[in-house]
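Undergrad: from the sequence below, what's the structure:
(chains A and B)
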Amino acid sequence: MEVDKIVSEITDLPEEGEGQEFAPAPLNIPRIILTCQKCGLRWPVEYRGDVTFEKFFQSNKLCPNCGSDEIRMGMDVIKEWGKWRKTEFRGVLSTAIRDIDTVCREYVEKISKIEAVREILVVEEEKVTTVWTIIKAPPFEDSVREPIYTAQLQTLRSLEQDIPIDFYILNESELSSDKNLSDVIPSNARPIWRR
Amino acid sequence: MATVIIVDTNFHIKKAERNEQFFQSHNLRVSPFNEWGVVVLFYSAMHYVDAILAREIRLPPEYQHPQNHWERNTGVAQSLTLGAVYKDYKLLYDRSLDARYNCISFKAGVLNSLENTGFEPVKRCVRTALKRPQISKGV
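TA: Here you go, the predicted structure:
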């Protein structure tokens, strides 16, 4: 689908700062809604083609109401059109990275109290960030994992937007005797918490 | 743009059952190559959850028809039906990663336990939700 061609036909978007409620986007027409984190103003902006979010954001970085630069990219309209969202994955991912940090912090807060948890690492790949939780527990004693899965469930359920995040638990006691943790942890893993 | 193939609930159920039959018929539970048993159990569970996700119109399209594991895992967590078995499904997912990438050897009895505490609850949940007859272990 030629997204740019469709975008060039957008004519009915409200002017910047006009109103807080927006009519549903016309079928198959993408629209991005920015939200000011400070004053709560929401306003639509026109999609400008296949560019990274940072580049796109250059001219939209200040809230027209309070001048704050704490702006978040709204996802509600994008969610209505999953197909288009996938074509803009790079943009969405750039936005989401900031949010992933917050999600990881909350996850660490929840599980770092669990005795078996030794270390938490973040592995950033092209399309997804995977949070590795290293535990030390008797081999195949799966009940130790339960509170960690509960924390993951709470985290994933609390996401208000599509954030590309995944979780993995590794019990270091289950590694074979000829393997060390450093053999299995990806080289680009970044520790975010350690006991 | 990537082509999105949308398949239906029946397709996923058939794939899930086929994987489970493979697991049973090759007795992977006690095989010296039991790490493949973990992988097969996981893929059976994966098709079971996909069968439900495909019907959850409340979810965003990428979770209804996931193209990768993180979309599926988030979909399972946010699904009204599958949220209850997130822990069971996630245990299978993690164990399949252990088996495939981290060369973890599964000692005797582990697969039986994984089948009972990970796979069976997912299968039961999905088949109940879809009003399909339950299939007992080993059939």
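Undergrad: where in chain A is pLDDT low?
TA: A:1-37, A:42-62, A:69-99, A:160-161 (pLDDT under 70).
Undergrad: what does it put close to chain B?
TA: A:1, A:79, A:82-83, A:85-87, A:127-128, A:130, A:139-140, A:142, A:145-146, A:149-150, A:152-153, A:156-157, A:159, A:162, A:164-170, A:174-176, A:179, A:184 (CB under 8 Å from any CB of the partner chain). To be clear about C-beta, it is placed using only N, CA and C from the backbone, and glycine gets the same treatment.
Undergrad: only the buried subset of the residues you listed, as a ChimeraX command please.
TA: Restricted to buried positions by 16 or more other CB atoms under 10 Å in any protein chain shown, the ChimeraX selection for those reads:
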select /A:82,85,87,128,130,140,142,145,149,152,153,156,162,164,165,166,167,168,169,170,174,175,184
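Undergrad: out of the residues of chain A next to chain B, which are inside strands?
TA: Residues from these lying in strands, with DSSP state E as the criterion: A:130, A:165-170.
Undergrad: turn those residues into a markdown table, including distance to B:N19.
TA: Output for those, formatted as a markdown table (distance: CB to CB, whole Å):
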| residue | distance to B:N19 |
| --- | --- |
| A:T130 | 25 |
| A:I165 | 27 |
| A:D166 | 22 |
| A:F167 | 24 |
| A:Y168 | 22 |
| A:I169 | 23 |
| A:L170 | 25 |
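Undergrad: farthest-apart pair in the residues you listed, please.
TA: A:I165 and A:L170 (16.9 Å; CB to CB).
Undergrad: distance between the stretch of helix or strand B:Y86 belongs to and the chain's centre?
TA: Per DSSP states H and E: B:Y86 is located in helix B:86-101. With CA atoms, centre = their mean, to the nearest Å as the basis, helix B:86-101 stands 10 Å off its chain's centre.
Undergrad: show me what the helix or strand following it is in contact with.
TA: Using DSSP H and E, the helix or strand that follows helix B:86-101 in sequence is helix B:110-114. Contacts to helix B:110-114, defined as CB atoms under 8 Å, 6 or more residues apart in numbering or on different chains, come from residues A:140, A:142, B:28-30, B:34, B:37-38, B:41, B:91-92, B:95, B:106.
Undergrad: just stretch A:116-132 next, same as before
TA: Residues contacting stretch A:116-132 (CB under 8 Å, 6+ apart): A:89, A:93, A:97, A:100, A:104, A:107-108, A:111-112, A:133-137, A:144, A:148, A:164-170, A:172, A:185-186, A:188-195, B:68, B:70.
Undergrad: B:T74 - nearest residue in space that isn't next to it in sequence?
TA: A:L156 (5.1 Å; CB to CB, 6 or more residues apart in numbering or on different chains).
Undergrad: actually, B:F22.
TA: Residue nearest to B:F22 in three dimensions, not counting chain neighbours: B:V40, with 5.7 Å by CB to CB, 6+ apart.
Undergrad: that neighbour: neighbouring residues, count only.
TA: 21 (other CB atoms under 10 Å in any protein chain shown).
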